[in-house]
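K.L.:
Please find the sequence and the predicted model below.
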Amino acid sequence: MLSTAPISSAPTTDPLPSPPRALVTEADRREALALPLTTRFTLGDAISPVQQAFLDEHGFIVFGGVLAEGEVRRVLEEVDAIQARWLAEGRREVNGIPLFVGKDPSGAPYIQRFAFSSLFSDFLYELVRDPRFAPIRSLVGEGARVGDREKDGLVFNRNLNVPGSAYPRLGWHTDGLRDLFLNRAVPGPMLNVGLHFDRVKKEDGGLRILPGSHRQGFWDMLTRKPYFVDHRPDPDEIAVETEPGDLTVHDGRTWHRVEQSPHVGWRSLRRTMYVPYVTDAYAPKHEGSKMPFYHRLGRVARELKVRWS
Ligand SMILES: O=C(O)CCC(=O)C(=O)O
Ligand SMILES: [Fe+2]
């Protein structure tokens, strides 16, 4: 029988050890600026000064092959198991965050955005605490913890382009504004850490970023583009190309979007997992938590879209 309770006893506030932040010299900065924007870095025991400078300058960075092939496979299996459980339960939301439920190429229900995934899989819970991510946590800040129960928790996305898809693409936005809604305070620096599970080249759609847009003022963060409804390519955007197992970090103030795949069916599948490493005051959610306003809006838009496609 399926149990409906998440792993309730797991601790979620312990800060994890992380090495100190790299010190960046002017020479490191020049070296970082001379690198192509498509550079895939290697994640070591610490963030190198050039890697830190690249992120500071451009607002994003890609590390190649952070997860091994077997780990990529295992994560995908865990997510399939969570889907089976949630569909069997008829689950529509977790801790007040709606699941995006669309259809797969055969027309069967397909969960396209999972929230709080680490509360439903011991493997995922342990994976996001692995020592290899310690340097990434040092980017986020001292004493960063995994927000298993905070914000939307560990998010897993499956973008798919089929009739009835609930999540084929995502319009221009910054992630920081969401924090503004949640905290009612002007957000400071915040980093989003993503793991990628498919080979996505520019011509396959995927993540588009405006490099350096994290250095804009707050006014531009509010008004540069209409949030979420604008899907138009920008002449200054770059495509973030990924291989399965790659890790990306982007600054919460950068403008970015997800371009719809030109392919149709399973060929269009793009899977990502966003890890909430957080440093702010502990604010856990629970099954009675109220759905944030922008998720309410999004849900109405998705339901209309799925119904009419
Ligand atoms: O799919 C991605 O890589 C990015 C998704 C995203 O921007 C978001 O969920 O805020
Ligand atoms: Fe985003």
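P.N.:
Nice, I can see it. Ligands and ions are numbered 1, 2, ... in the order given.
K.L.:
wait, Arg92 sits on Pro109?
P.N.:
No: between Arg92 and Pro109 there is no contact under Cβ atoms under 8 Å: 11.3 Å. (Each C-beta comes from the backbone N, C-alpha and C, glycine too.)
K.L.:
Which one of the two is surrounded by more residues?
P.N.:
Pro109 (13 against 10; other Cβ atoms under 10 Å).
K.L.:
Look up how far Ile82 lies from the more buried one.
P.N.:
13 Å (Cβ to Cβ, to the nearest Å).
K.L.:
Quickly find the element holding the closest residue to ligand 1 within the stretch 101-250 of the chain.
P.N.:
Ligand 1 sits closest to Leu207 of the stretch 101-250 of the chain, with a gap of 4.4 Å, by Cβ to the nearest ligand atom. Following DSSP states H and E, one finds Leu207 within strand 206-209.
K.L.:
elements contacting that strand?
P.N.:
strand 238-239, strand 256-259 (3 or more Cβ pairs under 8 Å, 6 or more residues apart in numbering; DSSP states H and E).
K.L.:
Each with direction, which strands does that strand pair with?
P.N.:
When pairing is defined by DSSP bridges, strand 206-209 lines up against strand 238-239 (antiparallel), strand 256-259 (antiparallel).
K.L.:
And the next helix or strand past that strand?
P.N.:
That would be, after strand 206-209 and using DSSP H and E, helix 218-223.
K.L.:
contact partners of that following helix?
P.N.:
174, 176-177, 186, 213, 253 (Cβ atoms under 8 Å, 6 or more residues apart in numbering).
K.L.:
that older thread, anything in contact with each of Arg92 and Pro109?
P.N.:
Common neighbours of Arg92 and Pro109 (criterion: Cβ under 8 Å, 6+ apart): Val101.
K.L.:
Counting neighbours, what do you get for the residue nearest to Glu78 when sequence neighbours are not counted?
P.N.:
Excluding the flanking residues, the one nearest Glu78 by Cβ to Cβ, 6 or more residues apart in numbering is Ser121, at 4.4 Å. Other residues within reach of Ser121, judged by other Cβ under 10 Å, total 23.
K.L.:
contacting residues around Ser121?
P.N.:
78, 81-82.
K.L.:
what about Trp86, how many residues close to it?
P.N.:
For Trp86, using other Cβ under 10 Å, the count is 21.
K.L.:
Quick one: end-to-end distance for stretch 56-67.
P.N.:
Stretch 56-67 has an end-to-end distance of 24 Å (Cα to Cα, to the nearest Å).
K.L.:
Then stretch 217-228?
P.N.:
Termini of stretch 217-228 sit 19 Å apart (Cα to Cα).
K.L.:
touching ligand 1 at all, it?
P.N.:
No: Stretch 217-228 lies out of reach of ligand 1 by Cβ under 6 Å from any ligand atom, never closer than 9.7 Å.
K.L.:
Kindly report the same for stretch 294-308.
P.N.:
No: applying Cβ under 6 Å from any ligand atom, one finds stretch 294-308 separated from ligand 1 by no less than 10.8 Å.
K.L.:
How about that stretch, which residues are buried there?
P.N.:
295, 298-299, 302, 306 (16 or more other Cβ atoms under 10 Å).
K.L.:
what sits up against stretch 209-217?
P.N.:
For stretch 209-217, contacts defined as Cβ under 8 Å, 6+ apart pick out 37, 57-60, 174, 189, 220, 224, 234, 236-238, 240, 250-256.
K.L.:
Trp24 - how many residues pack around it?
P.N.:
No Trp there; residue 24 is Val. 19.
K.L.:
next one: Gly153
P.N.:
Other residues lying near Gly153 total 27 when counted by other Cβ under 10 Å.
K.L.:
same question, the one 5 residues further on
P.N.:
By the other Cβ under 10 Å criterion, the neighbourhood of Arg158 contains 24 residues.
K.L.:
my guess is it contacts Ser268, does it?
P.N.:
No: counting by Cβ under 8 Å, Arg158 does not reach Ser268; the two are 10.3 Å apart.
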